[in-house]
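Colleague: Got a sequence here, can you build the structure:
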Amino acid sequence: MTVRRSAAALATTAVLLGAAAPVAVAPVAVAAPNPSPSAELPSGLYGTTDPTYDGVWRQSLAFLAQKIEYVTPSPQAVTWLLEQQCDSGAFASFRADASRPCDASTVMDTNATAAAVQAFAELGGQREAADNGADWLKSVQNEDGGWGYNPGSPSDANSTAVVIGALARTNVPVTELTTADGSTPYTALQALAIPCGKKDGGAFAYQPGKKGELVANNDASAAAVLGLLGKGMAVGNANAVKDPVCRKGDDLTPEESAQNGAHYFAATLAASPHLEQPPMPGAEESEPQPDFGNTADAVVALAASGHKDKAAASVTWLEQNSKAWAQQGGPAATAQLIFAAHATGTDARSFGGVDLVKQLNATGPAPAATSAPPSPKPTGGQASDSAKSDDEGGPGLWWLIGVGLLFGAGIGFLLSMRRKKQQP
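Modeller: Take a look at the predicted model:
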């Protein structure tokens, strides 16, 4: 999970673990909050928990997970996400009253924007919204080449990685996003890599510490591997490559740094099939607790970097142990498991006896259409997001047809009536 997901996960962790501390992550940048949501949640929104910090995020992950499982979302749900977008192309985490124009008090969220851009890139007919979001993300790049949680905040691995995924999905050449000193988004991520030969070598920090020290963060590491590979969250598995090694040096390519991260996860998950939540600073000592979300993300990172075999035991562990976590975590948690299943060629419709697709669909408006994926399900080869994009044909084509048929009758009118938004 990226840092912005963690706020939504706190309540889930408390339910499952009682007094146990949730996963330790760097503090999220916080500014003046947007209007609080009403007691009654929007009918087009996925999930039933307070969406203040993760409404756009969980909606976007739901769409991405549905896409790779041949599900066409409800037009109502798509319209809800479209109406959350500000005129600048940016998104806040959630806006309770989307009819009010975005203004100086609207707290923009790079993570929510990047997730929505990835979702729109997969939704047939929403390329303009995706491109507008990508343009805004490019406009708020930091001088070190990366992005922070909010525009202008210090770069972090999670935000930078999810933005890279969004830009890649909209065909923006990431290496060409060069700042005045020659830094690129990859430069920002590689600056957070822990050198091989040191403790936790190959892993990534969320941000440098006060003295510049780098502390391994599983959340950041999983995100950074995908970012350095130029991939989004709903990624397919790559062609198998040799066992990952941790390469030393100051002139590593992004691919080599990603493989270092894969080496870190392969070694960590060889010792235990699941990651553990580190204790929160100042918390009383307690038994380590499993970290379901980051274990699923590590599985995706390993598969995307060509090491699906190193994730096999973790997939089995998730199938056997993640049911309660996913139910409590709602659409975003269920989507994470679908991503892990998709990346490793595992059946998401029978994941430890659970139909994750059905579980996800039940958290929001009824889908416009649902189709079973081809059989046998692909398990290797294409190292691309979502299987294939709409432009390439494949599953995206059929998903686009489903959207077009149901949207054609009335969605054009609905969108034409969207309120005009202003952004300073």
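Colleague: tell me the SS of residue 208?
Modeller: What DSSP: H, G, I helix; E, B strand; the rest coil gives for residue 208 is coil.
Colleague: I'd guessed it sits against residue 220; true?
Modeller: No. With contact defined as Cβ atoms under 8 Å, residue 208 does not reach residue 220; the gap is 11.5 Å. The way it works is simple: take the backbone N, C-alpha and C, and place the C-beta from them, glycine included.
Colleague: higher neighbour count, the two?
Modeller: Each of residue 208 and residue 220 had its neighbours counted (other Cβ atoms under 10 Å), and the higher figure belongs to residue 220 (31 against 15).
Colleague: Compute the number of surrounding residues for the residue nearest to residue 356 when sequence neighbours are not counted.
Modeller: In this structure, residue 356 finds its nearest non-sequential neighbour in residue 348, 4.5 Å apart by Cβ to Cβ, 6 or more residues apart in numbering. Using other Cβ under 10 Å, residue 348 is surrounded by 24 other residues.
Colleague: Let me see the contact set for residue 348.
Modeller: Residue 348 is in contact with 69, 337-338, 341-342, 355-357, counting by Cβ atoms under 8 Å, 6 or more residues apart in numbering.
Colleague: next SSE after the helix ranked longest in the chain?
Modeller: For the chain, the helix reaching the highest residue count under DSSP state H is reported as helix 323-344. Per DSSP states H and E, the first helix or strand lying C-terminal to helix 323-344 is helix 356-361.
Colleague: I'd like the next helix or strand past that following helix.
Modeller: Counting by DSSP H and E, the element after helix 356-361 in chain order, helix or strand, is strand 369-370.
Colleague: Sheet partners, orientation included, of that next one?
Modeller: Within its sheet, strand 369-370 is paired with strand 71-72 (antiparallel), according to DSSP bridges.
Colleague: tell me how far the partner strand is from the chain's mean position?
Modeller: Centroid displacement of strand 71-72 relative to its chain, using Cα atoms, centre = their mean, to the nearest Å, is 19 Å.
Colleague: What of stretch 78-89?
Modeller: Using Cα atoms, centre = their mean, the offset of stretch 78-89 from its chain centre is 18 Å.
Colleague: State the mean pLDDT of that stretch.
Modeller: Averaging pLDDT along stretch 78-89 gives 98.
Colleague: Also stretch 248-258?
Modeller: Stretch 248-258 shows a mean pLDDT of 96.
Colleague: Give me the distance between the two termini of that stretch.
Modeller: 13 Å (Cα to Cα, to the nearest Å).
Colleague: Going forward, the N-terminal residue is numbered 53.
Modeller: All right, first residue 53 from here; so that's stretch 300-310.
Colleague: contacts for that stretch?
Modeller: 238, 241-242, 245, 247-249, 276-277, 280-282, 299, 312, 357.
Colleague: how about a cut-off of 6 Å?
Modeller: 238, 242, 245, 248, 277, 280-281, 299, 357 (Cβ atoms under 6 Å, 6 or more residues apart in numbering).
Colleague: And that stretch, what's buried?
Modeller: Buried residues in stretch 300-310, defined by neighbour count with 16 or more other Cβ atoms under 10 Å: 304, 306, 308-310.
Colleague: Verify the contact between residue 413 and residue 419 for me.
Modeller: Yes. Counting by Cβ atoms under 6 Å, residue 419 is a contact partner of residue 413 at 5.4 Å.
Colleague: which one of the two has more residues nearby?
Modeller: In this view residue 413 and residue 419 are compared by other Cβ under 10 Å, and residue 413 has more residues nearby, 23 against 18.
Colleague: what bits of the stretch 203-352 of the chain have low per-residue confidence?
Modeller: 332-337 (pLDDT under 70).
Colleague: chain center to stretch 365-383, what's the gap?
Modeller: So, by Cα atoms, centre = their mean, the centroid of stretch 365-383 is 17 Å from its chain's centroid.
Colleague: List the buried residues of stretch 126-145.
Modeller: Neighbour counts using 16+ other Cβ under 10 Å place 126-138, 140-145 of stretch 126-145 among the buried residues.
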